[in-house]
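A.B. asks: Structure of the sequence below:
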Amino acid sequence: MLKIGLVRHAKSSWTEPSLGDHDRPLNSRGIRDAPIMAKKINTLHGVPDLILSSTAVRALNTANVFRQTMGISEQNLIPRSGLYHASEEDILDAISMLDEAVKYALIFGHNPTMTFLGNSFKGDVIENVPTCGVIILESTAKNWMELDTSNTKRVDFIYPKMYVQ
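C.D. replies: Take a look at the predicted model:
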């Protein structure tokens, strides 16, 4: 069984108008939510073998919080510039190139792509993946190249407001 987590970055800051979109950091809510969600994913779905992240500061910061919270080594977090402004096809291409030794990976990216991609798999319609929301997919594909909508389904969708008031 192959498993993928699609993670939308945690809430970002807009306090520095001079920063470009790629360079926006997490705000206080994002800093609060990321470790909570990392712990929940760890409890519910275990520790991934690998993390791929957009190079946008807010996505990479979120991925690093997950990595540290879950005790994943630095070399198992791979920044990918192609995941910033990625389409659903771009993310599926990145998944198809995962090493066969990897059985579970988290992909950190952005909306609306995470919502669109998550909705392409079997499961109830998700109106919007909120910041730091996570969609978990499981596939019966024998390898990452074979993963598609016919052999993969959504098994979980969680987000911070489920756990933080």
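
A.B. asks: Excluding residues flanking it in the chain, which one is nearest residue 30?
C.D. replies: Nearest residue to residue 30, sequence neighbours excluded (CB to CB, 6 or more residues apart in numbering): residue 10, at 3.4 Å. The C-beta positions use only the backbone N, C-alpha and C, and glycine is treated the same way.

A.B. asks: quick one, strands of this structure?
C.D. replies: Under the criterion DSSP state E, the chain carries strands at the ranges 2-8, 50-54, 77-80, 104-109, 134-139, 152-158.

A.B. asks: right, so those: which one is the most enclosed?
C.D. replies: Compared across the strands of the chain, strand 104-109 shows the largest average neighbour count, a mean of 25 (mean count of other CB atoms under 10 Å).

A.B. asks: With only the CA atoms kept, save that strand in PDB.
C.D. replies: This file holds the C-alpha atoms of strand 104-109, laid out as PDB (Å, rounded to 0.1, in the frame of the first residue of the first chain):
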ATOM      1  CA  TYR A 104       4.600   7.100   2.400                       C
ATOM      2  CA  ALA A 105       5.400  10.700   1.500                       C
ATOM      3  CA  LEU A 106       4.000  14.100   2.400                       C
ATOM      4  CA  ILE A 107       3.800  16.800  -0.300                       C
ATOM      5  CA  PHE A 108       3.700  20.400   0.900                       C
ATOM      6  CA  GLY A 109       2.100  22.900  -1.500                       C
END
